[in-house]
Structures are given as structure tokens and as C-alpha cells.
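Enquirer: have a look at this prediction, sequence included:
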Amino acid sequence: MATEHQLEGNGVSHDDHDHDHDHHQSFVSKYIFSTDHKTIAKQFLITGIFWAIIGGAMSIIFRLQLGFPNSNVGWLKPLLGQWITEEGKIDPEFYLALVTMHGTIMVFFVLTAGLSGTFSNFLIPLQVGARDMASGFMNMLSYWFFFLSSVIMMSSLFIQTGPASGSWVVYPPLSALPQAMKGSELGMTLWLVSMAIFIVSSLLGGINYITTVINLRTKGMTFSKLPLTIWAFFLTAVIGLLSFPVLFSAALLLVFDRSFGTSFYLSDIYIGGEALPNTGGSALLFQHLFWFLGHPEVYIVLLPALGITSEIIATNSRKPIFGYRAMVGSLFGISILSFVVWAHHMFVTGMNPFLGSIFMFLTLIIAVPSAVKVFNYITTLWKGNIVFTPGMLFSIGLVSLFISGGVTGIYLGNSAIDIQLHDTYFVVAHFHLVMGSASFFGMVAGVYHWFPKMFGRMMDEKLGYVHFWFTFVGVYLVFFPMHYIGIAGFPRRYYSFTNFDAFQSFTDLNMFVSVAAIITFGAQFIFLFNFFYSMFKGRRATLNPWKSNTLEWTTPINPGHGNWPGEIPAVYRWPYDYSKPGAEDDFIPQHIPFSATPESNLPHENELIAEEKEEEGIVVDETKES
Amino acid sequence: MLQFVLIAGVVLIVIVLGFLFRINTLVTVVKGAEKHPETKSNKINGLLMFLFMVASLILLCWYSYARFDDYTMPVASEHGVVTDNLFWVTTAVTGFVFILTNILLFYFSFKYQYKENERAKFYPENNKLEIIWTVIPAIVLTVLVFTGWKAWTDITDAAPEDAEVIEIMGQQFAWSVRYPGKDGKLGKVDYRRIDATNNFGMDLSDRNAFDDFMAPRLYVPKGRPVELKIRARDVLHSVYAPHFRLKMDAVPGMPTRFWFTPTKTTEEMRQETNNPEFNYEIACAEICGRGHFSMRLLLVVEEPEVYDKWYAEQQSWLSQNPDYLSQIPVELEELAQISVENTKGNKETENKLN
Ligand code: HEM
Ligand SMILES: [Cu+2]
Ligand SMILES: [Cu+2]
């Protein structure tokens, strides 16, 4: 089914046509309303970076509050206006608004749109060998819906009553009742509208990724030859397609409760001196719907990063990824299981304890495929010949963060232990390591690794090293101490701990964390500088700077519209033939047929040579190698 | 002034770094030529991997040991001892895996860094290994789950018959406590009846409500099971008593519960912690708005005898708010009168205990 489409796309005339087309494109259709997946990917990337700066800056402001609760931050008044009180303190409600926006921005705008949007768009056509996405137009829409959603979320920061403040999980009734807090007024409405549009964007993107992977693979690119990046993006898109609509319905019902007087989530409420008429709603319903997306969402954020890492670690260890099939299998396992563990976020919400038991079992099962992936990464490094490119450093960093954050999942997945740890800083430590930092590392690794393909130039390596070590040490110093603070019982989303005798310790550690956060955030400007500087002034890239096997490196240094000027290369082998015994170089790209590498073929690969020739319609050479 | 100096300092550093960078770039451009990967940088990065591992292991062990008393909170409930044990067993198991895998990761990175005349081992798979490291974690996790499951079912099981029943209700931004009075039964509530005085919305057509009384703190007896009936009246809250390893959301429209057995009185804990000021506290663990961080309630554990005496002396809410007698249906009026008379004798108020 794929071939038919392919033949059409490979037609020489088509390519010629594409070629002059390029020159006639106006600025607008080339850079703004572009349907080229590479441009759209860059749009997602730049927007994602923009949001990451905003989200990061927010975290610095609330870390100031947590680390230095007594300091005077009046100097922020020109920037934040009424959100700084007369005494030069951050307003407690603004603190919550910051936490909420930070979470929403980081999870959805940076690590979902910024990560999947960038790399699924950029790499899927290039690595499966397609001229573009299945529907360039839908792809363009996907970006512009994301843009619109960004504009709305951004505008909510500037309104009088402030942005949504009920935390990124927006549990009703808090989020449903404008009486309950200022952030639940207009800010919450904008949050819901923005997220609804965001979901549309995700779905448009996801459908495209899935269709492209299924239908537009080049000749010979069977599923068993797909790079792990593509497997990860593909499964991520499937997870998103199945779970985002559930968030959409959750949001829709919340809109009804807020604006049309329905009682889906509301019941028996007395607030602001008045008993509300709503009865029969269930606050838990929202939580189930939210986490039905929310848990898969954490994997939507993580899997692309794992895919990117698999590719980078194999390339730079100069070794095949260990256990390709086990890696794909565990991706499948994680994807399926991610749909049946959501209620581990709800052990102590009053949900029936029997459900808690069931979800405890299911949750701990998901730790198994996660562990398998870690063991496979480590074995890939074993006896490798490791080149520490910045991308590789960040990938190794990701594995470490994934381990460190993963093990705490085993505490939290145990409902009996979770009673104490739920909604403490222990959870904050857990998910910032395993999801936040790990995915962020994957994203940055991807940028360093594919920058030459995106912009035709290299990023500066030395700056990359400095950036890595600051960031790696930094995130550990920021998030590891939070385990101690969490075990000591400190609840999350607290403006200050001064009200409780039980939470008086660790002022020193909180201060330390804040300082580490500021330094780590500061170090990101090294990356920003490197990124923009190299885009224009970086060393020119060579065709295949990392000596990698995947198809994107067979395109010209600056691939035009349609990616390959001539025919799309066919694929003959898996993407991980690194350091194959007998081969001259330590890598054999996917488009090299077995017939060209008799010296390194394994016995079963020699048998494939005949097939290769048949398919190409070339007369089979009689001289057989053994 | 200080700020100005700081800003100037930062600007200066940035400028210097910028120059250094520019010079470095120019030098590499002049040197030109493809670099082969066995560079000084590669060695430094490899070494740093190793150093990072050693340094962070030392830091981890030192800090965990030195600050042990700060991050472990004394435990004061029966089930808390069980869950704390689970916590430490999990720490032992996962800690081992955590340290082992991280060591391998960094050590391999260091050991197998690029060498010009070496080649990586072509080692694409080994099914036996995959099976081993699928099955072993699966078994270990199963064991952990079963122990956790046992504890969880015990904790969430129905409270013993003789448990003290106490209601705790969250609202923005305070906790309120209601005791069932002498009949041991909490009266019905209806949120539509809430007003400034009738904080709980007690429904006075239910005779069980007549002797209910409120307290400004949560008093509980040591050694007896206590069942908290948990409610919220506006938004979600969460009852969180860290010393008792107790947490349960308070949900408007859906009463929840949690039972536990306190094992140490406040006084005993003051001695244990060497802190005469010590108090058990309840905090809110579910974001509920502006004052979320300040929803503090004192929890007081007393010897059972002291508790019983205090309990018997409490005046019912109704007797303190005779205005509400008018809400009582005619057929129950007499009963209410008797109930009010009964508690009139107890003039002492709640604050007698602390
Ligand atoms: C080893 C497997 C894992 C297990 C058993 C696990 C378990 C859990 C549990 C039980 C919670 C709820 C804790 C609570 O709120 O009390 C939780 C929270 C969380 N986990 Fe994991 N987790 C695992 C891996 C991951 C991964 C891989 C990610 C992300 C990629 C992740 C992201 C999160 C997030 C974002 C939260 C917090 C959500 C919130 O409350 O705001 N977890 N995890
Ligand atoms: Cu989850
Ligand atoms: Cu609260």
C-alpha cells in the first residue's frame, strides 16, 4: 500500500517541479504559513523555547519566595505590579498562579508541543523517507492552532484577575467557582479555551504523524527497520490521539459547570455565604477524566525523549542499540499500560480503596518495561566507543535522571506509602526528575544532535559541554534535595511554611535549592546564545557530521522542499549497523544494500541479497560471496 | 547600590565570556580541519562523568546520614509504623538498584570513551539477558506490591466497632471539628442549613444532632481507634496529619473517612522530641485557594481517661445556641429540652485541655 504512493512521489517530473517551486515561494508561504514539515518543526521549536523561558522565569520567581521567604522583592514591582504587595512580598494568590502557569506551560506547551511538535515533525518524514507529512496543510493548521492557544494562554497573564491559579490539574470545585479564588474568574476561562485549542492542535499533529509513519515509509522501510525515534513518536501520537479527547470532554464539562449552571462536578457547596443549588455532581469524576489523560500525558512527554536518546546513544557509542526488539516491546508495554494506571494519582482522594489496590498492581507493572529500557541503555554503552557530543552528554544525563526519578515512582505507586508522600515535595522531586528534567534533556539532546540538519551549521561544542555540566549538576542539586523535604512531610503548593511547627526545618536546604535553580536557569542562556549564534555564524555542517545511519543524513546539507532532490533512497537494513565486524567504517547507513557490504554481512543477511536485486530489477550478479 | 554593582558585575562577566568565546571560535576556524573524536574534550568529559558519580555518591551518603533526624518525622500511629517500614524496605531495594545502575552508567561512559584504534563491540541483542532483567524486577515488584497491598487493605478497612467517631470539615481556610456527643452518633447535616453560627449545617430535625458538640482542636484518645469522618463545604481540601501518616481528601458532596490509632500522647511526644513546645498539627494537602498554606489545626492526643473526662464535660452545641431550638420539629421538642438540660451542668469550656 505504501509503494503506490511512493512511486507517485518519486516521479522525476514532480521533483523538478518542486525545485522551481522553491524559488517562487513568498516569504509568507515559506516561513510563516509554510506547509513544509521542516519549517513547521522549527516554528514549534522556537515557540517551545520561548515558552520554556517564560515557564522557567516563573519558577525562579516562586523559588525566590520559597528560598528567601523574608526578603523584599519590591524590585519586581515594575514587572509584576499589583502582584507584589505593599510590603514587597509576592501575593499568595499570585504564587499559586505562578505554580499553575509554570506547570501548564512546561507540561503542555514546552514538553508536549515543543518536543513532539519539533521532533516528530522534523524527523518523521526525514527518517522514514517521505517528502513531507501526509497532509502538509493539516500540519500547518496544527502549528497555528498551537500558536492561537499560546496567544490566549499568554493573554491570561495580563488580565486584572490574573491567570488560572488552581494548579495545573485544575481540580473543581476550586476551578469551577469564581468565588473561590481570583484565578478562577476570567483566567480560568481563558485556560480552558486555550487548552481546548491546544488539544485540537495536538490531534491534528498526531493524526499526521500516525498517517505518515503508516503510509509514507520509503521502499524497504518496514516497521522492523524503523529507527527507535520513529517508534517512539508513533506510539506517542497514538497515546495522544486516544487520551487528549478525554481531557477535552473533561474541560468541556467544566466549562458547562462554570458558565451554564450544570452540576457535573459540583455538589453540596456552601461558599461566600451562600449555598449553591448544584447537587449530584462528582468532584472525583473530573479527577478520573483528567488523569485518564494526565498519566498518558506524562508518557507523551517522555517517550519522544526516550526515542531521541536511543538514537543518539547508539550513534555516539558507535554500537547498535542493545535489544532493539525489547526496546520496541517496552515502548508498546509502556504505551498500553499508561492507560490503566491513572488512578494512582488518586489513592487518597476518597476513591474506593479497592480501586486503589487494583491501580497499585497495575502501576507497579509499568515499572518493569521502564526498567528494561534502562538496562538496555546501559548495555548499549558497555564496550562502546563513546564520543561525547553535547547531544550524547544530554542523553546519558537523561538515562541517569530517568533512573533517579523512576525509582521514586515505586514508592508512590505503593498506595500504603503514598498516603504520606502524596502531595508532598517527594512527588515534586519524582516527576521533575523523571518527566521534567528527563524530557527536557531529551529535547536539548535532540536540538544539539539535529541542529546541523535543521540549520546546516554546527552548534559550538565547548559551549555545549559547559551548558551540559551546569545543567546536569544543576537539576540534580535542585530536585534531589526535594526528596528530603518531601520525606520530612512538606506539602507542595505552599506559599510559605512559616505557619507550621512541623515544617520549620530545611530553610537552609530550600535556600540552597533556590540558588541552584537560579544558576541552572542562568546556564540556559549559554544554550540560547549558542543556538541563535550558531544558526547564523556556526561552523558549516558536513553531510553526516555524527556518522549516523539514519536516512535524514542522506539529504543535502540544507534539504529543500521535498527533502531529497532525486529519488528517495530505498532502505535495506536496520538503522543500527554500527561497528559491524568486517566493515571498513564503523557505520553502515540504512540505504546501503547488503550486496555492497559482503565483507560484513551476517549469514542471514547474505540471503537477502537475492531479494534486494530482484526488487531493483537488476540482473543478479552470479558471483556470490560467502 | 548593591544591585547596581551586581548588574554591572554580571554584564562584565558576560562580555568577558563573549570575548573568550569569539577568540576560541577564531582559533578553531584557523586550525580548521576535521577533528577526530579522540580529543582532549572527550577525555575531560569522560573523566567528569566519573568524578560526578563519585562526588554525588559521597554527597548523597553524607547528607542522608548527617540530616537523618531532620527529614524523618517521628511516628505516632499504629499504621504509621507499618507504612514507615514499607518505606524503608522500598528504600533498601530501590536504593540498591538506583546506585548500581547509576554507577554502571557513569562508569561505562568513562571506561568506554572513544579510543582511536579501538572498535565498539557489535552486540545487538541477548534474549537471555532481556528475560532475566524482565523477570527479576517483576518478582521484586510483586513482593513489594503484596506487602503494600496488605498494609493498604488493613488501613482502609472498616474502622473497628468501638472507634471514636469524630467529624472534621474543611472550608476556606480552616478546619472545624464536631463530636457526636453522648449518643455516639453524629447528627445529620444539610449544606443548605449552613449559616454563620450553624457552621456544619446541622439538621435539627435529626435527634442525633442535639448533643453534638464542637471543639477548637482535634482531641483524640491515645490507644483507641479513631475514625475521622471527613467533609468539605466549599472546595477540595485534604486532611493531612504528618505524624500519623494520615492523609485523606475532603470532598464537597462526598464524605470520606480515615481511621487510625494514636500511639503517643502530645506530652509523650514532647519528651521524645525534647521539645516542650511540640504540638501535633493538621495541615491541608490539597490546593484550596489563597490561604491553603495556613489551614492549621492542632491535634491533641490525651490519655484515654483524661479524654473521657473532657468529653463528658462538653456542652452540646444546641445548648449554647438556644436560638436554634425553634428549628426543631414539634414532636422532638421535649427530647431536645432534656438533652439541653443534661449538658447545662458542664460549665467548663473546651479550652481546659490543650
Ligand atoms: C517507574 C514508574 C513510575 C511509577 C510507578 C510512577 C508512579 C507515580 C505515582 C503513584 C504518582 C502519584 C504520586 C502522588 O501524587 O501521590 C506519580 C506522580 C507523577 N508521576 Fe510518576 N511514576 C512512574 C514513572 C513516571 C514517569 C516515567 C513519568 C513521566 C514521564 C512520571 C510522571 C509523573 C508526574 C508528572 C506525576 C505528578 C503529577 C501531579 O500530581 O502533578 N512518572 N507517579
Ligand atoms: Cu501517573
Ligand atoms: Cu488547602
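Expert: Ah, there it is. Numbers count the residues shown, from 1 in each chain, chains lettered A, B, ... in the order given. Ligands and ions are numbered 1, 2, ... in the order given.

Enquirer: you'd agree B:Val16 is in a helix?
Expert: Yes: counting by DSSP: H, G, I helix; E, B strand; the rest coil, B:Val16 is part of a helix.

Enquirer: where does it land on pLDDT?
Expert: If you check B:Val16, the pLDDT there is 73.

Enquirer: and for A:Ile526?
Expert: On the pLDDT scale, A:Ile526 gets 94.

Enquirer: neighbours around the closest residue in space to it that isn't next to it in sequence, how many?
Expert: Leaving aside its sequence neighbours, A:Ile526 sits nearest to A:His467 (Cβ to Cβ, 6 or more residues apart in numbering or on different chains; 4.6 Å). Heads up, the C-betas are built off the backbone N, CA and C, glycines and all. Number of residues near A:His467 (other Cβ atoms under 10 Å in any protein chain shown) recorded here: 26.

Enquirer: show me what contacts A:His467?
Expert: With contacts defined as Cβ atoms under 8 Å, 6 or more residues apart in numbering or on different chains, the neighbours of A:His467 are A:390, A:523-524, A:526-527, A:530.

Enquirer: dump the residues you listed into CSV; add secondary structure as well.
Expert: Shown next, in CSV, are the contacts of A:His467 (three-state DSSP):
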residue, secondary structure
A:Pro390, helix
A:Ala523, helix
A:Gln524, helix
A:Ile526, helix
A:Phe527, helix
A:Asn530, helix
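
Enquirer: name the nearest of those residues relative to ligand 3.
Expert: A:Gln524 (32.7 Å; Cβ to the ion).

Enquirer: give the contact list for the closest one.
Expert: A:52-53, A:56, A:467, A:471.

Enquirer: for the one helix or strand A:Phe525 maps to, buried residues please.
Expert: Following DSSP states H and E, the helix or strand that holds A:Phe525 is helix A:507-537. Across helix A:507-537, burial judged by 16 or more other Cβ atoms under 10 Å in any protein chain shown covers A:507, A:509-510, A:513-514, A:516-518, A:520-521, A:523-524, A:526-527, A:529-531, A:533-534.

Enquirer: could you look up the SS state of the residue lying closest to A:Pro593 once chain neighbours are set aside?
Expert: Residue nearest to A:Pro593 in three dimensions, not counting chain neighbours: A:Tyr572, with 4.5 Å by Cβ to Cβ, 6+ apart. With three-state DSSP as the basis, A:Tyr572 sits in coil.

Enquirer: do A:Tyr171 as well
Expert: coil.

Enquirer: and for B:Val239?
Expert: Per three-state DSSP, B:Val239 ends up strand.

Enquirer: residue contacts, residue 324?
Expert: Because you didn't say which chain, this covers chain A. A:228, A:574, A:576, B:124-125.

Enquirer: I was after chain B.
Expert: B:197-198, B:204, B:318.

Enquirer: where do the strands sit along chain A?
Expert: In chain A, the strands defined using DSSP state E lie at A:270-271, A:274-275.

Enquirer: strand partners of the first one, parallel vs antiparallel please.
Expert: For strand A:270-271, the pairing partners within the sheet under DSSP bridges are strand A:274-275 (antiparallel).

Enquirer: could I get the pLDDT score of B:Glu341?
Expert: At B:Glu341, pLDDT is 75.

Enquirer: any idea how far it lies from B:Gly187?
Expert: 18 Å (Cβ to Cβ, to the nearest Å).

Enquirer: the more surrounded of those two?
Expert: Neighbour count, other Cβ under 10 Å: between B:Glu341 and B:Gly187, B:Gly187 has more, with 23 against 10.

Enquirer: the more buried one and B:Asn208 touch, don't they?
Expert: Yes: taking contacts as Cβ atoms under 8 Å, B:Gly187 lies within contact range of B:Asn208: 4.1 Å.

Enquirer: what do those two both touch?
Expert: B:Pro180.

Enquirer: packing partners of the longest helix belonging to chain A?
Expert: The longest helix of chain A (DSSP state H) is helix A:283-317. Helix A:283-317 sits against helix A:118-128, helix A:228-259, helix A:324-337, helix A:353-381, helix A:390-412, helix A:438-455, with contacts defined as 3 or more Cβ pairs under 8 Å, 6 or more residues apart in numbering or on different chains; DSSP states H and E.
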